[in-house]
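Participant: Pasting the sequence and the predicted model now:
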Amino acid sequence: MTIKRMTFLQELLGFMGLEGRLHLDWISSAEAQKFVQVVTHFTNKIKSLGPSPLSGDFDMSAVMNACEACEAVQDTESVGGG
């Protein structure tokens, strides 16, 4: 389910012009060095992308509609056992 949600969020962020600003990595609590590397790499990536391309005028209605549609699909899947 996490992969499905991440995929959806990546597509949604791409739609909004924010591609590349979401990252998932599985890290054990015993992997402190890996945590530092992942956070440092992602922080540098975000900095290199620059400020958000969104302005205060961004129309959220399309995003809200997409989120509502996704919730409806998830509700259907959970009822149907999918």
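Facilitator: That came in fine, so what should we check first? Numbers count the residues shown, from 1 in each chain.

Participant: Am I right that V38 is in contact with I27?
Facilitator: Yes. Using C-beta atoms under 8 Å, V38 makes contact with I27 at a distance of 6.5 Å. Every C-beta, even on glycine, is put in place using the N, C-alpha and C of the backbone.

Participant: now the helices: where do they sit in this protein?
Facilitator: For the chain, the helices defined by DSSP state H cover 2-15, 32-49, 61-80.

Participant: So which of these is nearest H23?
Facilitator: Counting by C-beta to C-beta, H23 lies closest to helix 32-49 out of the helices of the chain; the figure is 4.9 Å.

Participant: roughly how far apart are S78 and K4?
Facilitator: Relative to K4, S78 is positioned 12 Å away (C-beta to C-beta, to the nearest Å).

Participant: Which helix or strand in the chain has the lowest average pLDDT?
Facilitator: helix 61-80 (a mean of 74; mean pLDDT, DSSP states H and E).

Participant: counting contacts, what elements does it pack onto?
Facilitator: helix 2-15 (3 or more C-beta pairs under 8 Å, 6 or more residues apart in numbering; DSSP states H and E).

Participant: helices or strands next to the helix it packs on in the packing?
Facilitator: So helix 2-15, by 3+ C-beta pairs under 8 Å, 6+ apart, packs with helix 61-80.
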